[in-house]
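Participant: Structure for this input, please:
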Amino acid sequence: MADPAGMKLGKRAPRHDIRTLQMADYLRAAALPAIPQTQDWGGKITDWTMMANDRIGDCTCAAAGHLTQEWTFNVSPAGEVVFPDSAIIDAYSAITGYNPTTGANDNGANEIDVLNYWRKTGIGNHKIDAYVALEPGNHDHVRAGVFLFGGCYIGLALPISAQTQRVWAVPPHGAHGHGAPGSWGGHAVPVIAYDALTLTVVTWGALKTMTWGFWAAYCDEAYAILSEDFVNKSGIAASGVDLATLQADLALVTG
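Facilitator: Alright, predicted model coming up:
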């Protein structure tokens, strides 16, 4: 991975909408398959592209691109979809007003704006069907989100200490000073794997691990996303999820 200190961030502070659907309402415990303690949807992918996040603060859109890449790879490796930088930049420009010619308005984006654009308009001609917010601090929600939906779309308030860490972890002195949440800035990443000790995300064209303690200290928003790019894989994403109610409720609150 390139030097993280030289990379771009670009996730703005969370903006929560009270209409956002909650994952807890759509998980039917009796129908859920056993959520494994270890899951990895991205380990066999050999080329994660940068999606321009080394040059501009488009991490919120790059994270969407990396999720799409992972979903389509798991449906069929031969059908893996890797968005060109231009598709990511086009979405980032439409959402934020960024001007790729002059570089003006490269101010990052709110995750919820990206999710709404992704659902209504699409990124790289791929739309999502729905998204639900995860309960903050709920490890079971993250595991279920990754296993059932093929990943989670999360936001991190990164500390400066993360710039030099091989594995992102809360520094020994705690979450203050260089370890203070947001002291580096906000960053959007997809979680595509987890085990008992760590979670794995995609950032700046590579895989990065973080401890569960880091996630608890610095994750300030998280979503599971329903996408046909992954649902079509033998219905895995639909297992144990009340899809009919989710779609009906989504229509009521978002139109």
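Participant: Show me where the chain has its helices.
Facilitator: Remark: helices assigned in the chain by DSSP state H are 59-75, 85-96, 111-120, 139-149, 212-218, 228-231, 243-254.
Participant: what packs against the fourth one?
Facilitator: If I follow you right, that is helix 139-149. strand 39-40, strand 152-158, strand 185-194, strand 219-226 (3 or more C-beta pairs under 8 Å, 6 or more residues apart in numbering; DSSP states H and E). In this view, the C-beta of every residue, glycine as well, is placed from N, C-alpha and C.
Participant: As TSV, those with distance to A104 would be great.
Facilitator: Formatted as TSV, the helices and strands packed on helix 139-149 follow (distance: least, C-beta to C-beta, whole Å):
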stretch	distance to A104
strand 39-40	40
strand 152-158	24
strand 185-194	19
strand 219-226	27
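Participant: Output those in a markdown table, with mean neighbour count appended to each entry.
Facilitator: Output for the helices and strands packed on helix 139-149, formatted as a markdown table (neighbours: other C-beta atoms under 10 Å):
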| stretch | mean neighbour count |
| --- | --- |
| strand 39-40 | 16 |
| strand 152-158 | 25 |
| strand 185-194 | 26 |
| strand 219-226 | 23 |
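Participant: Nearest to T102, out of these?
Facilitator: Closest approach to T102 among those (C-beta to C-beta): strand 185-194, 22.4 Å.
Participant: thinking again about what came up before, go through the helices and strands packed on helix 139-149 and name the closest to N99.
Facilitator: That would be strand 185-194 among those, by C-beta to C-beta, at 20.9 Å.
Participant: State the mean pLDDT of that closest one.
Facilitator: Across strand 185-194, pLDDT averages out at 97.
Participant: so that strand versus helix 59-75, what angle?
Facilitator: Here strand 185-194 runs at an angle of 10 degrees relative to helix 59-75 (axes from the mean of the first three to the mean of the last three C-alpha atoms, to 10 degrees).
Participant: That concludes my questions; thank you for your assistance.
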